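Student: Sequence and computational prediction follow.
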4 protein chains.
Amino acid sequence: MNHDDSLRQIRDALRAFATERDWERFHTPKNLAMALAGEAGEVIEHFQWLSAEESAALPEAGRAEVALELADVLLYLVRLADVMQIDLADAAQRKLAINAERYPADKARGSAQKYNRL
Amino acid sequence: MNHDDSLRQIRDALRAFATERDWERFHTPKNLAMALAGEAGEVIEHFQWLSAEESAALPEAGRAEVALELADVLLYLVRLADVMQIDLADAAQRKLAINAERYPADKARGSAQKYNRL
Amino acid sequence: MNHDDSLRQIRDALRAFATERDWERFHTPKNLAMALAGEAGEVIEHFQWLSAEESAALPEAGRAEVALELADVLLYLVRLADVMQIDLADAAQRKLAINAERYPADKARGSAQKYNRL
Amino acid sequence: MNHDDSLRQIRDALRAFATERDWERFHTPKNLAMALAGEAGEVIEHFQWLSAEESAALPEAGRAEVALELADVLLYLVRLADVMQIDLADAAQRKLAINAERYPADKARGSAQKYNRL
């Protein structure tokens, strides 16, 4: 990551934020994992009664709300990775490579089957 | 974001991945929100029976598993933001600014209270 | 609840199960809440790529898998309520009464709006 | 289940509630699974910053809030089982039997290991 990489910027901002507020004591992996799941729960609440089509055509106000919910997920995700000393961008690249192997384009095309059922 | 920003790289890789597999049809916001929450659920399963201290001292094998779970969350998060045309890095910066206002360092120091109870 | 009420039977079975295995120490509300959310995450993973119609016409094998996932959610839910000394059936009846007030049939008919937007 | 079994009473109340409001159309298994996970997310938000000890000694106001969150989980769980024609009490008994086999008391005593690692 570059000095101005967005994940790195967020990580550094969250570190400073926690230090300034003496919040490191609350930021155990266990607690942050809970916060992450709680925010993911808030994301789905926006979509639970919508059809697929409605979910793809959210009014601007709803889209703006979802944007901030996704931000919450990202903030806890970056903070959790940081306190666990996990390089999130690196893990994502490794998972992308695993997925490319698990889901070869010719076998997975148009299918929502899990890799072990392809 | 720069051309080589990590969130941008992941977004572009996921776009190509979906196109090559004809997966856009599955990638509605509703479905991606579910996938995101499902992955967040897998993250917490790693920590549910651990004490705070154990969660902060995970053996290397467990840490490597969690790294790939966090990657899964990030991949669905980036993909969901992309199909909704949400700039995730921008939303995160905006949410950081909101949090800074909601949780002034002098009032929030050492407290886990929600902002509306500070 | 009667002596043979199903929620009561499950509660009693789980109490005995935990005692016999010396699991009370793991069964804090915090841990059980995580386990509950983890199981709910497993439920949604069954449905994330399905259309609404497909989700309503699951093949028998899938339906049997979901039945056991729902059972997992119920078991942790009953156990969590028990360790918190919450009467789950009573709470459900109270919430049903609240919902009946929040969503009058004539105003809520055919609408998926949240009560504060009706 | 008896006529006055609590799960059966809740199931019947929810059926009538949905019919009176013409909500069956929204109550696909997919949507109800999302609602279930969303409510589970609200449960964990109550506990995320608490220590294990604090979670076990919630003030009365917090406990009352959690009771209604658990009720929400139960209501969606019962409704989801019903639309899928799953007998929840029966599934729970079957899962209890599976768990008893997976976690023999003498092997599982005092251990939080998953059954496949015992």
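Tutor: All right, it came through fine. Residues are numbered from 1 along each chain as shown, chains lettered A, B, ... in the order given.

Student: what kind of secondary structure is A:Glu24 in?
Tutor: Per DSSP: H, G, I helix; E, B strand; the rest coil, the secondary structure class of A:Glu24 is coil.

Student: Please apply the same query to A:Ala57.
Tutor: Classification of A:Ala57 using three-state DSSP returns coil.

Student: Pull the contacting residues for the spatially most central residue of chain A.
Tutor: Nearest to the mean C-alpha position of chain A, counting by C-alpha atoms, centre = their mean, stands A:Leu74 at 4.8 Å. By C-beta atoms under 8 Å, 6 or more residues apart in numbering or on different chains, the contact set of A:Leu74 is A:10, B:74, B:77, B:88, B:91-92. To be clear about C-beta, it is placed using only N, CA and C from the backbone, and glycine gets the same treatment.

Student: ok, which pair from the residues you listed is furthest apart?
Tutor: For the contacts of A:Leu74, the farthest-apart pair by C-beta to C-beta is B:Leu74 and B:Ala91; their separation is 14.3 Å.

Student: Tell me, what's the model's pLDDT at the residue in chain A that chain D sits nearest to?
Tutor: Minimum separation of chain A from chain D (C-beta to the nearest C-beta) falls at A:Gly41, amounting to 1.8 Å. Looking at A:Gly41, its pLDDT stands at 98.

Student: which SS class is the nearest residue to it once chain neighbours are set aside?
Tutor: Spatial nearest neighbour of A:Gly41, excluding adjacent residues (C-beta to C-beta, 6 or more residues apart in numbering or on different chains): D:Gly41 at 1.8 Å. The three-state assignment at D:Gly41 reads helix, by three-state DSSP.

Student: Enumerate the residues of chain A near chain D.
Tutor: Neighbours of chain D within chain A, by C-beta under 8 Å from any C-beta of the partner chain: A:26, A:31, A:34-35, A:37-42, A:44-45, A:47-49.

Student: go with 6 Å
Tutor: Residues of chain A lying near chain D by C-beta under 6 Å from any C-beta of the partner chain: A:26, A:31, A:34-35, A:37-38, A:41, A:44-45, A:48-49.

Student: Which one of those residues is nearest to A:Ala61?
Tutor: Relative to A:Ala61, the closest of these is A:Glu45; by C-beta to C-beta it sits at 15.3 Å.

Student: May I see the ChimeraX selection of the buried members of the contacts of A:Leu74?
Tutor: Buried residues within the contacts of A:Leu74, by 16 or more other C-beta atoms under 10 Å in any protein chain shown, are selected in ChimeraX with:
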select /A:10 /B:74,77,88,91,92
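
Student: can the contacts of A:Leu74 go into a markdown table with extra columns for pLDDT and secondary structure?
Tutor: Formatted as a markdown table, the contacts of A:Leu74 follow (pLDDT from 0 to 100; DSSP: H, G, I helix; E, B strand; the rest coil):
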| residue | pLDDT | secondary structure |
| --- | --- | --- |
| A:Ile10 | 98 | helix |
| B:Leu74 | 98 | helix |
| B:Leu77 | 98 | helix |
| B:Leu88 | 98 | helix |
| B:Ala91 | 98 | helix |
| B:Ala92 | 98 | helix |
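
Student: Report the secondary structure state of the residue with the largest distance to the centre of chain A.
Tutor: Largest separation from the mean C-alpha position in chain A: A:Asp106, at 27.9 Å (C-alpha atoms, centre = their mean). The three-state label for A:Asp106, taken from three-state DSSP, comes out as helix.

Student: ok, of the residues of chain A next to chain D, which come out buried?
Tutor: Among these, those classed as buried by 16+ other C-beta under 10 Å are A:26, A:31, A:34-35, A:37-38, A:41, A:44-45, A:48-49.

Student: helix, strand or coil for A:Trp49?
Tutor: Assignment for A:Trp49 (three-state DSSP): coil.

Student: Surely it is in contact with C:Gln113?
Tutor: No. Applying C-beta atoms under 6 Å, one finds A:Trp49 not in contact with C:Gln113, separated by 8.6 Å.

Student: In stretch A:100-112, which residues are buried?
Tutor: Those would be A:103, A:108, for stretch A:100-112 by 16+ other C-beta under 10 Å.

Student: likewise stretch A:80-100?
Tutor: Using 16+ other C-beta under 10 Å as the test for burial, stretch A:80-100 gives A:80-84, A:86-89, A:91-93, A:95-96, A:99.

Student: among those, which are in reach of chain B?
Tutor: Within the set of the buried residues of stretch A:80-100, contact with chain B (C-beta under 6 Å from any C-beta) is found for A:81, A:86, A:89, A:91-92, A:95-96.

Student: Just give me the closest of these to B:Ala57.
Tutor: Using C-beta to C-beta, A:Ile86 comes nearest to B:Ala57 of these, at 14.2 Å.

Student: List the contacts of that closest one.
Tutor: Listed by C-beta atoms under 6 Å, 6 or more residues apart in numbering or on different chains, the contact partners of A:Ile86 are B:Ala67.

Student: at 7 Å what do you get?
Tutor: B:67, B:70 (C-beta atoms under 7 Å, 6 or more residues apart in numbering or on different chains).

Student: Phi and psi next, for it.
Tutor: Taking degrees, to the nearest 10, you get phi -100, psi 130 for the backbone angles of A:Ile86.

Student: Model confidence at the closest residue to A:Arg15 other than its chain neighbours, what's the number?
Tutor: Once flanking residues are discounted, A:Arg15 sits nearest to A:Asp82: 6.6 Å by C-beta to C-beta, 6+ apart. On pLDDT, A:Asp82 comes in at 98.

Student: which element is A:Asp82 on?
Tutor: In this structure, A:Asp82 sits in helix A:60-83 according to DSSP states H and E.

Student: For that helix, list the C-alpha coordinates in PDB.
Tutor: Only the C-alpha atoms of helix A:60-83 are listed here, as PDB (Å, rounded to 0.1, in the frame of the first residue of the first chain):
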ATOM      1  CA  GLU A  60     -31.300   8.600  -3.300                       C
ATOM      2  CA  ALA A  61     -32.100   9.000   0.400                       C
ATOM      3  CA  GLY A  62     -31.900   5.300   1.000                       C
ATOM      4  CA  ARG A  63     -28.700   5.000  -1.000                       C
ATOM      5  CA  ALA A  64     -27.100   7.700   1.100                       C
ATOM      6  CA  GLU A  65     -28.100   5.800   4.300                       C
ATOM      7  CA  VAL A  66     -26.700   2.600   3.000                       C
ATOM      8  CA  ALA A  67     -23.500   4.300   2.100                       C
ATOM      9  CA  LEU A  68     -22.900   5.300   5.700                       C
ATOM     10  CA  GLU A  69     -23.800   1.800   6.900                       C
ATOM     11  CA  LEU A  70     -21.300   0.300   4.500                       C
ATOM     12  CA  ALA A  71     -18.800   2.800   5.900                       C
ATOM     13  CA  ASP A  72     -19.500   1.500   9.400                       C
ATOM     14  CA  VAL A  73     -18.800  -2.000   8.200                       C
ATOM     15  CA  LEU A  74     -15.500  -0.900   6.600                       C
ATOM     16  CA  LEU A  75     -14.400   1.100   9.700                       C
ATOM     17  CA  TYR A  76     -14.900  -1.900  12.000                       C
ATOM     18  CA  LEU A  77     -13.400  -4.300   9.500                       C
ATOM     19  CA  VAL A  78     -10.200  -2.100   9.100                       C
ATOM     20  CA  ARG A  79      -9.900  -1.700  12.800                       C
ATOM     21  CA  LEU A  80     -10.400  -5.400  13.500                       C
ATOM     22  CA  ALA A  81      -7.700  -6.300  10.900                       C
ATOM     23  CA  ASP A  82      -5.400  -3.700  12.500                       C
ATOM     24  CA  VAL A  83      -5.600  -4.900  16.000                       C
END
